[in-house]
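*Asks:* Could you work out the structure for the sequence below:
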Amino acid sequence: MRFGMGLGGLILAAGESSRMGRDKALLPWPAEGRDTLLSAAIRALSDYCDLVLVVTGNNSSALEPVIYGCGAFLVANPAPERGQFSSLRTGLQELLNRGRDNAMVTLVDRPPPKEPTLRRLVDRFASREHGIWAVVPEYQGKHGHPVLIGREMIEAFLKARLTSNAREIEHANPERVCYLETDDPLVTANLNTPADYSSLESRKLDLS
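*Replies:* This next block holds a predicted model:
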């Protein structure tokens, strides 16, 4: 379902996954299915975005078959050691280069939320008031992903210092951000370790 507002999907997948011990992007999701966290995220964002970009690092060759096999595009971060904010800036600049002024941004270690949650986020973003730069989902007061951002927030990220981070810029502009409370715990799920993955996978029926 496209909303005709130049919405591009952006998945940040350039991390080393050191605490997981294997590339989180390639973890099966769900465990008994054929999808991985990366392919599931691409499919979820593709329902609402004109195109989906995946920012990779040293794992480009491993992720390339999944990215292109799902109809997304690979963008390599030339300096992934600079961290997640550098991947965000790399991906946002490429979205602008491809003519997209709005972005749905998520991290590859965040399982995609429920479809109704994505629909609510996109609907709220499409109908946002003048002066609102971003829509961020919440679950029980905790901020999550994916985050939808407009051209103004994209520009703020791209103009920030390389040593900045997205949260710092978001918190510097609280009046520009709409926080949308949801009943979906997946918006705040974060898979950093094998224990995180096992715990969430064992609860998947409760989250469906």
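*Asks:* pLDDT wise, what is the nearest residue to Gly71 once chain neighbours are set aside at?
*Replies:* Counting by C-beta to C-beta, 6 or more residues apart in numbering, Gly71 lies nearest to Ser46, which is 6.7 Å off, once chain neighbours are set aside. For the C-beta atoms, the positions are set from N, CA and C on the backbone; glycine is no exception. At Ser46, the model reports a pLDDT of 96.
*Asks:* Kindly report the same for Arg2.
*Replies:* On pLDDT, Arg2 comes in at 51.
*Asks:* what do you get for the one 3 residues further on?
*Replies:* The per-residue pLDDT reported for Met5 equals 67.
*Asks:* what residues are up against the residue nearest to Gly71?
*Replies:* Shown in contact with Ser46 (C-beta atoms under 8 Å, 6 or more residues apart in numbering): Gly9, Val52, Cys70, Gly71, Ala72.
*Asks:* Kindly list the longest helix within the chain.
*Replies:* Longest helix in the chain, counting residues (DSSP state H): helix 84-97.
*Asks:* which outside residues touch that helix?
*Replies:* With contacts defined as C-beta under 8 Å, 6+ apart, helix 84-97 is touched by 8, 10, 12, 14-15, 53, 55, 57, 75, 77-80, 103, 105, 107, 154, 157-158, 160, 162, 164-166.
*Asks:* ok, now how distant is Ala44 from Arg119?
*Replies:* 11 Å (C-beta to C-beta, to the nearest Å).
*Asks:* How about the residue nearest the centre of the chain: which residues does it bridge to?
*Replies:* By C-alpha atoms, centre = their mean, the mean C-alpha position of the chain lies nearest to Thr106, the distance being 0.8 Å. Per DSSP bridges, the residues bridged to Thr106 are Ile11.
*Asks:* Assess the claim that Leu7 and Val105 are in contact.
*Replies:* No - Leu7 is not in contact with Val105 according to C-beta atoms under 8 Å; the separation is 10.8 Å.
*Asks:* any common contacting residues for those two?
*Replies:* Joint contacts of Leu7 and Val105 (C-beta under 8 Å, 6+ apart) are Leu148.
*Asks:* What is the neighbour count of the nearest residue to Asn102 once chain neighbours are set aside?
*Replies:* Sequence neighbours aside, Leu7 is the residue nearest to Asn102 in space, at 4.8 Å (criterion: C-beta to C-beta, 6+ apart). Residues within reach of Leu7, counting by other C-beta atoms under 10 Å, total 23.
*Asks:* List the contacts of Leu7.
*Replies:* Tyr48, Cys49, Asp50, Arg100, Asn102, Ala103, Met104, Val122, Leu148.
*Asks:* ok, Pro137 touching Thr182?
*Replies:* Yes - under the criterion of C-beta under 8 Å, Pro137 makes contact with Thr182 at 5.2 Å.
*Asks:* who has more neighbours, the two?
*Replies:* Between Pro137 and Thr182, counting by other C-beta under 10 Å, Pro137 is the more crowded of the two (25 against 19).
*Asks:* So what's the gap between the helix or strand harbouring that one and the chain middle?
*Replies:* Using DSSP states H and E, the element containing Pro137 is strand 134-139. Averaging C-alpha coordinates over strand 134-139 and over its chain gives two centres that are 12 Å apart (C-alpha atoms, centre = their mean, to the nearest Å).
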